[in-house]
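Visitor: 3D, please:
(chains A and B)
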Protein chains: 2
Amino acid sequence: VRAELTPTIAVHGGAGTLASDDPASPPGAGAPRLAGVRRAAEEALALLVRGGSALDAVELAVRILEDDPTYNAGTGAVLNEAGSVELDASIMDGATLRCGAVACVTDVRNPVVLARQVLERSPHVLLAGAGASAFARSVGIAPVANGDLVTAAQRARWLAARAPSGHGTVGAVARDRDGHLAAATSTGGTAGKLAGRIGDSPLVGCGTYADDALAAVSCTGHGERIIQLTLARHAADLVGGGLSPDDAARTAAERLAARVAGEGGLIVVGPRGVAGFAHNTPVMSRAWSDERGAIQAAL
Amino acid sequence: VRAELTPTIAVHGGAGTLASDDPASPPGAGAPRLAGVRRAAEEALALLVRGGSALDAVELAVRILEDDPTYNAGTGAVLNEAGSVELDASIMDGATLRCGAVACVTDVRNPVVLARQVLERSPHVLLAGAGASAFARSVGIAPVANGDLVTAAQRARWLAARAPSGHGTVGAVARDRDGHLAAATSTGGTAGKLAGRIGDSPLVGCGTYADDALAAVSCTGHGERIIQLTLARHAADLVGGGLSPDDAARTAAERLAARVAGEGGLIVVGPRGVAGFAHNTPVMSRAWSDERGAIQAAL
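Guide: Have a look, this model is predicted:
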């Protein structure tokens, strides 16, 4: 009988500048972003402590952050050039390498839940656009109006053509009590993006990767640059090669800057349940469980 | 002054069974598939010998195969569940790591040409569906009717609900006289796929990868399984770690079978201009230039 392990959760709410959401950057601007990732990590950790799976934990954490209008995912996502929200998400199970993802989704409140359904109930890994919507209906996920996903703050930004960086992608990585890993990521993409643009978040190996033999990884930042390095798979391979999760994340973030001038960050959890992170941007909101099972949060 | 190198091209027309295109598998069934990859390799090699870039060479080779109704890409692609063609393609420049890709394209004759335009003229890497069509129009690529991409043979297969494996993806890898690498891949995906399904072919690191410091790779086979292992990036990393292109391809194909029960194959060219390939399926149509600059072809 295998001893039950201490579970681990780590969550991010996007890499960028403190001013990503507000150029005036008032004192305390980071507070809502910290509160949200802390709450998501706490709820996901409670699920893990009860014996829940890493896969369920990362889905829960990302769903909570999608529903939080502070982040650029689900409700509160940035608008594309046409003034609409198009959402991307992915989820991957490190125990089986099963994965599911959706892209350019316009009418689903929680893209990560739909990605989980792609994993569980379709023969495919990635569904986009109207096909993803049709699949959502076929598995009983109710439609929402695109406007219901748009917050007044994001609409005002779009009307002012004041495109923020689009940072605020959310993600989670976890190890459960059985030692299995999982990762999930969700985003509204970059503000003012072309309709149909798919970034790194829904792409297995780019924004998200999980393999019990390597690590679980979720990335955030400039998606096109992250894709060029298949950053999540690269960081997972670094852990597989012997680096600690912190060192793997730092190496990957440095490489992102050095090789393709990319801005971003990532969270990593290894097979031993140690969480690590790194970012080459001024801040990355994040929360994680420490070795005593307490939730820590930082910008 | 750097000496000009011998250029290298390798092309594939998909991994599968000899009966992939015709269950009766008559003697000589492989002949059209061999003739097509040979011609594509010859034309791309001629371009390279004239001093053309690896990027131009892989685009040309894949464009020729997209126009050949023998293969499951461009004209002659398989039909999805709804009876339509949805095309995916990607291209990557190993010198700069720039890449472009399109998915779920319904109205463009040569998706690889559109992918090249995404690389050259958009801030994005991957565009899908109607957004990809709108971008095509913005860069002057004329629309075609979806039905113009459908051959009588594929329509008959769809009507008979006799879904073939969907093999017949095409791809190319090259090294040019300056020593730069490039890769490209194009497909109609799996027969009977859900609308909106995106496979490995348009995904950087899955179906396609190129980095002058590692290798150029194009994959073919069961896309969902290839995605789980980010197979193209994995094979490129194996070359970076010291394996020959042949050994890297073989290791990757074996891993595809062993880890996720995936069927497929891949072509690889390394920085020294040596081409390699492997497949865990009965056949993979392919053509490549040998060290004397002669084109070889095999199933």
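
Visitor: go ahead and confirm residue A:236 touches residue A:215.
Guide: Yes: between residue A:236 and residue A:215 there is a contact under Cβ atoms under 8 Å: 4.4 Å. Yep, even glycine has a C-beta here, placed from its N, CA and C like the rest.

Visitor: enumerate the residues of the stretch 1-150 of chain A near chain B.
Guide: Those residues of the stretch 1-150 of chain A that sit near chain B, judged by Cβ under 8 Å from any Cβ of the partner chain, are A:97-99, A:103-104, A:122-132, A:134-135.

Visitor: okay, and which of those residues map to helices?
Guide: With DSSP state H as the criterion, helices contain A:129-132, A:134-135 from among the residues of the stretch 1-150 of chain A next to chain B.

Visitor: what's the most distant pair in those?
Guide: The distance between the two most remote of those (Cβ to Cβ) is 10.6 Å, for A:129 and A:135.

Visitor: now do the shared contacts for the two.
Guide: Listed as contacting both residue A:129 and residue A:135 by Cβ atoms under 8 Å, 6 or more residues apart in numbering or on different chains are residue B:196.

Visitor: who has more neighbours, residue A:236 and residue A:215?
Guide: Set residue A:236 next to residue A:215 and count neighbours by other Cβ atoms under 10 Å in any protein chain shown: residue A:215 wins out with 32 against 29.

Visitor: got the phi and psi for the more buried one?
Guide: For residue A:215, the backbone dihedrals are phi -170, psi 170 (criterion: degrees, to the nearest 10).

Visitor: could you pick out the buried ones from the residues of the stretch 1-150 of chain A next to chain B?
Guide: For the residues of the stretch 1-150 of chain A next to chain B, a burial check counting by 16 or more other Cβ atoms under 10 Å in any protein chain shown picks out A:97-99, A:103-104, A:122, A:124-132, A:135.

Visitor: any idea which of the residues you listed is closest to chain B?
Guide: Nearest to chain B among those: residue A:131, at 1.7 Å, using Cβ to the nearest Cβ.

Visitor: that closest one reaches residue B:189, doesn't it?
Guide: No: checked against Cβ under 8 Å, the pair residue A:131 and residue B:189 is beyond contact range at 11.4 Å.

Visitor: show me what residue A:182 bridges to in the sheet.
Guide: Applying DSSP bridges to residue A:182 gives these bridge partners: residue A:93, residue A:174.

Visitor: roughly how far does it sit from residue B:190?
Guide: Remark: distance between residue A:182 and residue B:190 (Cβ to Cβ, to the nearest Å) = 26 Å.

Visitor: and residue A:36, what is it in contact with?
Guide: With Cβ under 8 Å, 6+ apart, residue A:36 has these contacts: A:13, A:64-65, A:68, A:70-71, A:285.

Visitor: and if we set it to 10 Å?
Guide: A:11, A:13, A:64-65, A:67-71, A:170, A:285, A:287, A:297 (Cβ atoms under 10 Å, 6 or more residues apart in numbering or on different chains).

Visitor: follow-up on the earlier one: can you pick out the residue with more neighbours from residue A:182 and residue B:190?
Guide: residue A:182 (29 against 23).

Visitor: tell me the pLDDT of residue A:25.
Guide: Here the pLDDT value assigned to residue A:25 is 48.

Visitor: can you give me the helices for chain A?
Guide: Using DSSP H, helices in chain A cover A:31-49, A:54-67, A:111-121, A:129-138, A:152-159, A:223-228, A:231-240, A:245-260.

Visitor: show me what the fifth one is packed up against.
Guide: Spelled out, it's helix A:152-159. Packed against helix A:152-159, as judged by 3 or more Cβ pairs under 10 Å, 6 or more residues apart in numbering or on different chains; DSSP states H and E, are no other helices or strands.

Visitor: quick one: contacts of that helix?
Guide: So helix A:152-159 is contacted by A:21-22, A:69-70, A:72, A:75-85, A:147, A:150-151, A:162-164, A:188, A:191-192 (Cβ under 10 Å, 6+ apart).

Visitor: no more questions from me, cheers.
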